[in-house]
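**Student:** This is the structure alone, sequence omitted:
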């Protein structure tokens, strides 16, 4: 005997999500059966709406429900600096900090010759185009500290530097609250490299 | 700046599910945005269908899309034994074994004086009613080996025994593949208690 079809389909739906295996999927599916019908309807609507109503900002390529997005529209923000990140999620992480006053540019990926992803496959040309009208004076590269992220950072910096625009990279080192003892060698070497006078 | 509303609602939807915190919820939500629209629609439909089309079997109270359920309908199964479990999920676990030939009875909970759940709040009266027509000759109690599960097992056995129907409890002991060294005292004491001659 198998699960009745409606629940088998729901389990299958949950299993398509990342990090959810058969056991978790069936636990979630049975939980849904015990939820109020209105809550389930709201959740189903939220799924469809998120997929249908969200688009990418034509300026910064961040995910948004209006174009240009809230950040690009906000004239009180510093128009002279742009922070380059890999994903929309990174914008949310930066915004949670509540300290960065400038603009963003979402690449939607990183250069990866291994996977055949070149600068044209991510939003690098769009970034270069944005830099042409002289409002942006600093490009802060906040791609991930991985091989792909570093390669992307290097590529962009080489492309932008000749134009005279300042290019910076966010600092890498020990995370605050981290323990020196448990830091890996690469992080530690970056922390030494990036040391500052007190 | 917050997430755009459609994605905030979706994150909120995921966060209502058990074991999913804000970080996982936002990871899942962003994953949904990258899914094909058809897949998202299918998932949303599966949610609503599971909630709307599933009902409980009027005989065994297992979750089903037809009444009586497949197991109760199946005349090739042994009609003389009924296995009493706490949840529909437990039926699925038993069925995966592919060895149990009989019927089921899903209690939808266990007796718990602490939480104010008495025998009338779970499907105990329905079980007693099922036992009245003489077809069932053995009640196998497979409630969980927890305080509530044991109390429920005791309660049902005291109720059923006077009628002359055989009442058994599934065995508790060391799980197969488990290590004696790491077994807790209660499990070990149960394993000794339930020892059998070789």
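**Tutor:** Looks like it came in fine. Fair warning: this is a prediction, and the values are worked out from it, not measured in the lab.
**Student:** quick one: the helices in chain A?
**Tutor:** For chain A, helices defined by DSSP state H occupy the ranges A:5-15, A:22-34, A:37-53, A:70-73, A:88-97, A:124-130, A:147-160, A:185-193.
**Student:** highest average neighbour count across the ones you listed?
**Tutor:** When you average the neighbours per residue for each of these (mean count of other C-beta atoms under 10 Å in any protein chain shown), helix A:5-15 leads with a mean of 20. No exception for glycine: its C-beta is placed from N, CA and C like everyone else's.
**Student:** Can you tell me how far residue A:64 is from chain B?
**Tutor:** Counting by C-beta to the nearest C-beta, to the nearest Å, the gap between residue A:64 and chain B amounts to 5 Å.
**Student:** Could you give the bridge partners of that residue?
**Tutor:** According to DSSP bridges, residue A:55 are recorded as the beta-bridge partners of residue A:64.
**Student:** which residues sit in contact with it?
**Tutor:** For residue A:64, the residues meeting the contact criterion (C-beta atoms under 8 Å, 6 or more residues apart in numbering or on different chains) are A:54, A:55, A:56, A:57, A:70, B:4.
**Student:** quick one: it from residue A:189, how far?
**Tutor:** Counting by C-beta to C-beta, to the nearest Å, the separation of residue A:64 from residue A:189 is 38 Å.
**Student:** Residue A:126 now?
**Tutor:** Taken as C-beta to C-beta, the spacing of residue A:126 relative to residue A:189 amounts to 34 Å.
**Student:** possible to save the helices of chain A as CSV with distance to chain B?
**Tutor:** CSV is the format used below for the helices of chain A (distance: least, C-beta to the nearest C-beta, whole Å):
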stretch, distance to chain B
helix A:5-15, 4
helix A:22-34, 5
helix A:37-53, 4
helix A:70-73, 6
helix A:88-97, 5
helix A:124-130, 19
helix A:147-160, 18
helix A:185-193, 21
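**Student:** For residue B:78, find the nearest of those helices.
**Tutor:** Residue B:78 lies closest, by C-beta to C-beta, to one member of those: helix A:5-15, at 25.2 Å.
**Student:** and the closest one, what does it pack onto?
**Tutor:** If you count contacts as 3 or more C-beta pairs under 8 Å, 6 or more residues apart in numbering or on different chains; DSSP states H and E, helix A:5-15 packs onto helix A:22-34, helix B:37-53.
**Student:** Count the neighbours of the closest residue to residue A:83 other than its chain neighbours for me.
**Tutor:** With C-beta to C-beta, 6 or more residues apart in numbering or on different chains as the criterion, residue A:83 has its nearest non-adjacent residue at 4.6 Å, and that residue is residue A:140. Counted with other C-beta atoms under 10 Å in any protein chain shown, residues neighbouring residue A:140 total 20.
**Student:** Quickly list what residue A:140 is bridged to.
**Tutor:** Once the bridges are assigned, which here means DSSP bridges, residue A:140 pairs with residue A:83, residue A:168.
**Student:** ok, now which ones touch it?
**Tutor:** Listed by C-beta under 8 Å, 6+ apart, the contact partners of residue A:140 are A:81, A:82, A:83, A:84, A:102, A:168, A:169, A:170.
**Student:** so which of the contacts of residue A:64 comes closest to residue B:93?
**Tutor:** The shortest distance between residue B:93 and any of those, using C-beta to C-beta, involves residue A:54 and amounts to 39.3 Å.
**Student:** wait, the closest one sits on residue B:4?
**Tutor:** Yes - with contacts defined as C-beta atoms under 8 Å, residue A:54 counts as touching residue B:4 at a distance of 6.3 Å.
**Student:** center of chain A, which residue is that?
**Tutor:** The centre of chain A sits closest to residue A:87, judged by C-alpha atoms, centre = their mean, with a distance of 2.2 Å.
**Student:** Could you break chain A into its assigned domains?
**Tutor:** A:5-53, A:76-169 (the TED database).
**Student:** possible to save those as CSV with mean pLDDT?
**Tutor:** CSV is the format used below for the domains of chain A (pLDDT from 0 to 100):
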stretch, mean pLDDT
domain A:5-53, 91
domain A:76-169, 91
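**Student:** Test my guess that residue A:188 contacts residue A:179.
**Tutor:** No - if you go by C-beta under 8 Å, residue A:188 and residue A:179 don't touch, sitting 11.4 Å apart.
**Student:** Now do the same contact list for residue A:185.
**Tutor:** Going by C-beta under 8 Å, 6+ apart, residue A:185 touches no other residue.
**Student:** Mind pulling up the pLDDT for it?
**Tutor:** Looking at residue A:185, its pLDDT is 82.
**Student:** Just give me the neighbour total for residue A:81.
**Tutor:** The number of residues packed around residue A:81, counting by other C-beta under 10 Å, is 19.
**Student:** ok, residue A:123 touching residue A:110?
**Tutor:** No - using C-beta under 8 Å as the test, residue A:123 is too far from residue A:110 to be in contact (11.0 Å).
**Student:** Which of these two has more residues huddled nearby?
**Tutor:** Taking other C-beta under 10 Å, residue A:123 and residue A:110 do not tie; residue A:110 has more neighbours (23 against 20).
**Student:** Report the separation between that one and residue A:89.
**Tutor:** Between residue A:110 and residue A:89 the distance is 14 Å, computed by C-beta to C-beta.
**Student:** Next: residue A:159.
**Tutor:** Here residue A:159 is placed at a distance of 25 Å from residue A:89 (C-beta to C-beta).
**Student:** mind listing what residue A:103 touches?
**Tutor:** The neighbourhood of residue A:103, defined by C-beta under 8 Å, 6+ apart, consists of A:60, A:71, A:72, A:77, A:78, A:79, A:81, A:82, A:83, A:136.
**Student:** show me the contacts for residue A:190.
**Tutor:** Taking C-beta under 8 Å, 6+ apart as the criterion, residue A:190 is in contact with A:145, A:172, A:173.
**Student:** Find the nearest non-adjacent residue to the last one, please.
**Tutor:** When the adjacent residues along the chain are set aside, residue A:173 lies closest to residue A:191, with 3.6 Å between them (C-beta to C-beta, 6+ apart).
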